[in-house]
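Colleague: coords please:
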Amino acid sequence: MFRSRAVSRFASTCPPPAVYHQAMQASQPGAVALTISGSDSGGGAGIQADLKTFSALRVFGASAITCVTAQNPADISAIHPIDPHTVKEQIRKVCEGFPVAAAKTGMLYSAGIIRAVAEADVEYGIPVLVVDPVMVSSSGVRLLQADAIDSLCSVLLPTARVVTPNLHEAEIIIGRSIATVDELRAAAREIGEKFDVACVAKGGHLNGEEVIDVLFDEGEETLFRAPRIEGVQTHGCGCAFSSALTAYLARGHLLSDAVREAKDYVAGALQHALKIGTQQPLHFFWNASLSGPF
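Modeller: Coordinates of the predicted model:
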């Protein structure tokens, strides 16, 4: 008797099957994106941040793990790279099973992994590749071996549609310091022209009340401005930006629109940052309609 009453009460609150089916169909992701990056055990960056961002932006996310790390927002205590062959095999199986519309790279760590990813990009016909040239963590730990920087620039960047360096990564790629917006603009142009790739040079590490990012694409420059958000952790912001950019490109948005939308998404995730213990991770689902608290 109790069971039948419980089932009856539950059934009375559910929509008719046809309505439920229509709602589920409307919520289905319309594109597939692949992240090729390291695992962040703290959940705030890396593969975990990418997959959360894909889901928040209604894109089906797949992954190829390049490294397993032991970390939280404050520190990384261990890095275990995955064999390059296994990284490439992960990409192959994803591309065989799903119509990947766009992919992004994050932490690649070694020259061997970079070569494997570049080979996979060409062999498996990934339509759009976004390269986030992750080199050093927000806590100061090196995430790309020194001898892999040349491979990143000479092997991977020429296969990409867009690269998204932050200030320090752009400095390493061009070989000189950047201290002003004009120098950031020059760096975006130099990287774009040298590697025949669109470049979003991010200015979050420059001083000022505004954060200015520069897109250089096929000879045209666009500046994106937003107020600086103070007093929050920025761990995972680069991952969230590049994965949001990848999601919007997978959905067919123009590059300049995708950059603006990705920047807006990250700003919202920062503004709605969560408070969990002593940490303030990004709120990746700030834009979702939730029926209750996180």
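
Colleague: what's the spacing between stretch 49-64 and its chain's center?
Modeller: Chain-centre distance of stretch 49-64: 9 Å, with CA atoms, centre = their mean, to the nearest Å.

Colleague: what lies in contact with stretch 184-202?
Modeller: Residues outside stretch 184-202 that contact it (CB atoms under 8 Å, 6 or more residues apart in numbering): 131, 153, 157-158, 160-167, 170-171, 173-174, 178, 203, 206, 211-218, 221, 223, 238, 241, 245, 255, 259. The C-beta positions use only the backbone N, C-alpha and C, and glycine is treated the same way.

Colleague: what distance separates it from the centre of its chain?
Modeller: 19 Å.

Colleague: what is the mean pLDDT for that stretch?
Modeller: Mean pLDDT, computed over stretch 184-202, is 98.

Colleague: from S37, how far out is G231?
Modeller: According to CB to CB, to the nearest Å, G231 stands 27 Å off from S37.

Colleague: between those two, who's got more neighbours?
Modeller: Neighbour totals were compared for G231 and S37, and S37 leads with 30 against 7 (other CB atoms under 10 Å).

Colleague: now for whatever helix or strand that one lives in, which elements pack on it?
Modeller: Following DSSP states H and E, one finds S37 within strand 32-40. Contact here means 3 or more CB pairs under 8 Å, 6 or more residues apart in numbering; DSSP states H and E; on that basis strand 32-40 packs against helix 46-56, strand 60-72, helix 84-97, strand 100-105, helix 237-250.

Colleague: could you redo the last one with a cut-off of 10 Å?
Modeller: helix 46-56, strand 60-72, strand 75-81, helix 84-97, strand 100-105, helix 111-123, strand 129-131, helix 237-250 (3 or more CB pairs under 10 Å, 6 or more residues apart in numbering; DSSP states H and E).

Colleague: how far off centre is the first one?
Modeller: Computed by CA atoms, centre = their mean, the separation of helix 46-56 from the middle of its chain amounts to 7 Å.

Colleague: nothing else from me, thank you.
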